[in-house]
Structure formats: C-alpha cells, structure tokens
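# need the 3D shape of this:
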Amino acid sequence: MTTPSRSAITVTGLRRSFGDHVVLDGIDLNVPSGTVFSLLGANGAGKTTMVKILSTLIKADGGSAKVAGHDIAADPDAVRAAIGVTGQFSAVDNLLTGYENLTLMADLHHLGRAAGRRRADELLEQFDLVEAGKKTASTYSGGMRRRLDLAMTLVGSPQVIFLDEPTTGLDPRSRRGMWQIVRELVAGGVTIFLTTQYLEEADQLADRIAVLDHGKIVAEGTPEELKRRIPGGHVRLKFTDARELESAARVVGQASRDSDALALTVPHDGSLKSLKALLDRLDAGAVEVDSLSVDTPDLDDVFLALTGKPKNEKVATP
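Below you'll find the predicted structure:
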C-alpha cells in the first residue's frame, strides 16, 4: 500500500496521436495516493487512451509517466503488477461461476491454490456475492457482473485501480452500490483513476477532477473549485412583505428583484465565506428574511462552459 504523501500517478508532457488526429497533447497530471482522481471529457476525448497508456496497453508518442513509482516505458512489468484495470466492457467469463472467475484470476497472479481460494472467498464476501458465487456469471445482473469484474481486479491487491466508465449502463441503484465500493477501497489506501461520462459520479467520488478537451487539460481542481469558476451562482432571498424587500435591496446592493414573488436574487460564488458576509450585512441592517436558498453551478454547467459541449455529446475520434 502506498502512503498518502506519495504520488500514485505522475504524468509529464504525455502525447498520443492516431494518424493526423492528436488525442493527447502534452498532458501533465499528478494524482496523490489514496485519492479518487476523475478525468472528464466528451465521448472520444481521449479518456480511454489515457487509461490504456498509463496501464501499459499502448505506448505514448512522447512525454513520460510513473504509476505506483514505476516508469511506464522503462518498467512496464512493475506497473502491471501494481495496478488493476476495470473497463466498461467486462472481463468476466460467462461460462464460469463467480468463484471460478476469481480463482482463475488468482492462478494468473500465482497466488497458490490455498491462498487463491481464501482470496476468492474474501472478495465474494466483500462484494456481497457469496450466494451468487456458486452460479455461472451468465445469470448475473449488470450490477452483479460489474461487482464481480471489480472483485477480479482486486485479486492481486493493486495499489492503483483504473476505472474506465465503470458504471455505464447500470441502473441508479447499482451505480450507487459501486460508488460505495469505491469509497471503501479508497478508505483502505487504494488510488482510483476514474473516467466517467456521468458528471454526478465524478462529483460524488472525486477528490480532484481534470477536464480533457481537444487533447489538453482545460481545467483541474476539486469539484467545488471547478464550480466556483463558473458564473451563475446566486442566493435567493424571500421576504414576507414589500417593506422588508426594499430594506434588503438597499443593504445588499447588486441584486435582481422579483417584486411579485417578494424575492431578491444575489450573485454568489458558492463559498461559505461570501454567504456569511451576505447574512452579516442583512443582520446589521436589521432585515428579516423569510427564507433563503443557495443555487450554484453544477458540473454540467462547468463541463459546458469549459468545453462548449453538453456532457453527452459524442465526438468522432479513434
């Protein structure tokens, strides 16, 4: 297990093209260990290409990267030994039971017969698949298959796990179940590199997010930091009578007035500090507010503003 102070993934100037099409154009990233890092981008933006390079499945055209302390070009075997990869397309063998899928993976990791069986039993318990483990994977629901796929990834106790669109096609309940598993893995010290088309998923899970557009990282930060970069956040204040509305308008200054609804809309950056400052001004002016609501941009707004595309727009790339 890596220590929290170390970088699990460092990327410097990474480049990759397919013919004349530049997919990754000088990418720099740093992912601290024991965190969830999410890479966002429109379909075809290069997210899966990034995962394939970092997991040594394909080579970069330029730049360098280290995963779990190992150079992906100079020591790919060490990288593979330290990582797990779960993609949107399952590696589960439908003809085998869940238990047999796990013990097969244990054999591939040379765990030994007894150790492999113990590991399979542990993972079936961890992923709530004890009963399902006796059945062939062809009988599994989508959520069960995804849990088994991730369990298979964990057989070798990886330090870093690449989750490439891990909940695509799952129903909301199964998706939330996967989120909880990811949180538990990170709490245990595992680093997660997540690509997803679900912005809510990144918002729920990621410690940091990078937005990939036209081969470049156009923004990076915590979900809250990214949201605060986008204008449009506001506080809506409602009052019981027009006199209080007038008093508030004088105290607040810049605001949009809705006299019919007895409401003021005040621009707001989403921070607790600015909200407290607004409330302090109202309190100092002896203004009585009937109700208050805070509306800040979400990641959909961030994605649209940074890339000019709705989150679900498909882009034709290799």
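
# domain ranges for this structure, per the record?
Split into domains by automatic domain parsing, the chain comes to 7-92+140-228, 234-294.

# how close does G13 sit to D61?
Distance check for G13 against D61: by Cβ to Cβ, to the nearest Å, it reads 11 Å. Where you see a C-beta, it was placed from the backbone N, CA and C, and this is true even at glycine.

# cool, and V51?
V51 is 16 Å from D61, by Cβ to Cβ.

# those two: who's more crowded?
Between V51 and D61, V51 has the larger neighbour count (other Cβ atoms under 10 Å), namely 21 against 13.

# pretty sure that one contacts I83?
No - under the criterion of Cβ atoms under 8 Å, V51 makes no contact with I83, lying 10.1 Å away.

# got any residues that touch both of those two?
Listed contacts common to V51 and I83 are F162; contacts here mean Cβ atoms under 8 Å, 6 or more residues apart in numbering.

# now what about the strand or helix carrying A248, what contacts it?
In the assignment (DSSP states H and E), A248 maps to helix 242-252. Residues outside helix 242-252 that contact it (Cβ under 8 Å, 6+ apart): 237, 239, 255, 257, 259, 262-264, 266, 278, 281-282, 284-290.

# in that helix, what's buried?
E244, L245, S247, A248, A249, V251, V252 (16 or more other Cβ atoms under 10 Å).

# what's the closest of these to L194?
The shortest approach to L194 among those belongs to V252, at 40.2 Å (Cβ to Cβ).

# and the closest residue to L24 other than its chain neighbours, how close does it get to V252?
Counting by Cβ to Cβ, 6 or more residues apart in numbering, L24 lies nearest to R16, which is 4.3 Å off, once chain neighbours are set aside. Distance, R16 to V252, using Cβ to Cβ: 51 Å.

# ok, which stretches of the stretch 101-250 of the chain are strands?
160-164, 191-195, 208-213, 216-221, 234-238 (DSSP state E, counting those that start in this stretch).
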